[in-house]
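**Q** next one to model:
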Amino acid sequence: MSSPSITTIVTMVESLPSALQEKVVEYVREFIADLEDEKRWESSFELTHDHLIASAQAAKQAIAEGKSTPMNYEQL
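**A** Below is the predicted model of the structure:
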């Protein structure tokens, strides 16, 4: 059973000519793919968030203790 929102969208798309229906479908596919990519990125970030914070804190401490050297961008 579809929600009222889905039913409304289907009705709207069905009222369009076939060529426009295909464009709408392609747009929606791309939009959903973008949303899924964003969700995967957010999930990945959540898994590494604590590690990133710990790494930043360790780097800050190393700088404060004089145990770090400036990055040589020529060596990258």
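
**Q** how about the helices of the chain, start to end?
**A** Remark: helices assigned in the chain by DSSP state H are 4-14, 18-64.

**Q** turn those helices into JSON lines, columns for distance to residue 72, mean pLDDT and mean neighbour count.
**A** C-beta here means a position set from N, CA and C on the backbone, and glycine is covered the same way. As requested, the helices of the chain are arranged in JSON lines below (distance: least, C-beta to C-beta, whole Å; pLDDT from 0 to 100; neighbours: other C-beta atoms under 10 Å):
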{"stretch": "helix 4-14", "distance to residue 72": "55", "mean pLDDT": "95", "mean neighbour count": "10"}
{"stretch": "helix 18-64", "distance to residue 72": "16", "mean pLDDT": "94", "mean neighbour count": "10"}
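
**Q** put together JSON lines for the ones you listed, with distance to residue 71 on each row.
**A** What follows is those, written out as JSON lines (distance: least, C-beta to C-beta, whole Å):
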{"stretch": "helix 4-14", "distance to residue 71": "51"}
{"stretch": "helix 18-64", "distance to residue 71": "11"}
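
**Q** which of these sits closest to residue 70?
**A** Proximity of the helices of the chain to residue 70 was assessed by C-beta to C-beta; the nearest stretch is helix 18-64, lying at 9.9 Å.
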